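> Here's my sequence, what's the structure:
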Amino acid sequence: MSNPNSQNSASQLSNEARAVIINVDDLGLSGAVNDAVIHLAELGRIGASSYMVGGTITDSDINQLKKLNVDVGLHLDFTGIFPSALRGSLKSIIIACYLRRFNPMQVTKVIKQQLDAFEDRFGRAPVFIDGHQHIHQFPVIRQCLINELSARYSVEISKGMLSARVTTPLVNDLKSWIIYGLGGYAWRKSCEYNRIPTNDRFGGVYGFDADSQQLATLWEQWLQNAPPSADLSSGLLTLDTALPISSANLLPTLIMCHPALPDNGSNDW
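Predicted structure coming up:
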C-alpha cells in the first residue's frame, strides 16, 4: 500500500508545476550576446532566443544552438540594427504607427526582408516571432505581420511549429502594463483569430537601473507568479531548479532577459 503522505506531496508538486520559457533577446547583436546565449543554454537555463537579422552569428554558434535544442525566432526590428528606410527611434515608430503614417506596403517589405534573411541564415522558418522593443504589436506593423505570417507559414502554423510572442503581464507593474497597452491586447486577439499559438503570460520587465540583488528578487517573483500547469509533473521552478520548457501542447509563461558574457569570460552577468 502506498504512503498517503507521498501521494499528497506528489499531488502538491504537480499542482505547483510551471511551464516557463526563458528567452534571451537580441541574439546576433554582438559576440558577447551570442556567447551568453550558448553559455546559458549549456547550463540548462534558457530554452529560446530571438535573433536580430541585422546582426551576425557564426555557423558554429548556429550548430551549437541546434545541438542544445534552443528555439530561435525572429526579433523583428524597426528601431535597432536592421537597415531600412523605416528605421527610427522607439518614439518615432510609436507615433508613425498610431497616426497611421506608415505605408503598409513598405512595412510588409521590411517584414519580408527580415523573414527572408532569417531563413537564409538558419535554413528554416523561425520557431516564433517577437519584436525588438515590442514593435511587433504596434498598429499597422501587427496587421502586416499577421498577414505575412499567415500567407508564408500556413503549414507551420497549422502544425503548431510557429508561434507568436504576446505581452500579457505576468506581474502587476506599471512598465509591464505600458508595454501591453501599446497594442498587446489587439496583437493577442489577432493571433487567436488567425490560430497562431502564443505564450500565456509575459515577464522579465524591469527598470534598467536595477542591481543584482533587485534582479534576483524579481526573478523569484516572476517564477512564483507563473501560472501552474496541470500538464506538468515536475515541481515549482526556482532559480536553482528551473528548466526551460517548450511545447506546442502548453501555454507557457515567457520570461525575457538580456545577458551578455563579459570579455574577460567571467560569469558576472
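
> Neighbours of Arg100, how many?
Neighbour count of Arg100, defined by other C-beta atoms under 10 Å: 10. Where C-beta positions appear, they are placed from N, C-alpha and C, glycine not excepted.

> That one: what's it in contact with?
For Arg100, the contact set (C-beta atoms under 8 Å, 6 or more residues apart in numbering) comprises Pro139, Val140.

> give me every residue that touches the closest residue to Tyr153 other than its chain neighbours.
The shortest distance from Tyr153 to any non-neighbouring residue, by C-beta to C-beta, 6 or more residues apart in numbering, is to Leu162 (5.0 Å). Leu162 makes contacts with Ala125, Pro126, Val127, Phe128, Ile129, Leu149, Tyr153, Glu156, Ile196, Pro197, as judged by C-beta under 8 Å, 6+ apart.

> Need these in TSV (columns: neighbour count).
Output for the contacts of Leu162, formatted as TSV (neighbours: other C-beta atoms under 10 Å):
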residue	neighbour count
Ala125	20
Pro126	25
Val127	19
Phe128	25
Ile129	27
Leu149	23
Tyr153	18
Glu156	17
Ile196	22
Pro197	17
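
> okay but Lys112 is in contact with Glu148, surely?
Yes - Lys112 lies in contact with Glu148 (C-beta atoms under 8 Å); the separation is 6.4 Å.

> So these two - more neighbours on which side?
For Lys112 versus Glu148, neighbours defined as other C-beta under 10 Å are more numerous around Glu148 (18 against 13).

> The more buried one touches Val110, doesn't it?
No - at 10.3 Å, Glu148 does not count as touching Val110 under the criterion of C-beta under 8 Å.

> hey, where'd the helices end up in the stretch 101-250 of the chain?
Taking DSSP state H, counting those that start in this stretch as the criterion, the stretch 101-250 of the chain contains helices spanning 104-122, 141-152, 154-158, 174-181, 184-193, 212-225.

> Out of those, which one sits most buried?
helix 141-152 (a mean of 19; mean count of other C-beta atoms under 10 Å).

> Contacts for it, please.
Outside of helix 141-152, the residues within contact range by C-beta under 8 Å, 6+ apart are 76, 78, 97, 102, 104, 107-108, 111-112, 115, 125, 129, 131, 135-136, 157, 162, 164, 183, 186-187, 190-191, 194, 196.

> Measure how buried the closest residue in space to Gln113 that isn't next to it in sequence is and give me the count.
Among residues not flanking Gln113 along the chain, Ser84 sits closest, at 7.2 Å (C-beta to C-beta, 6+ apart). Neighbours of Ser84 under the rule other C-beta under 10 Å: 15.
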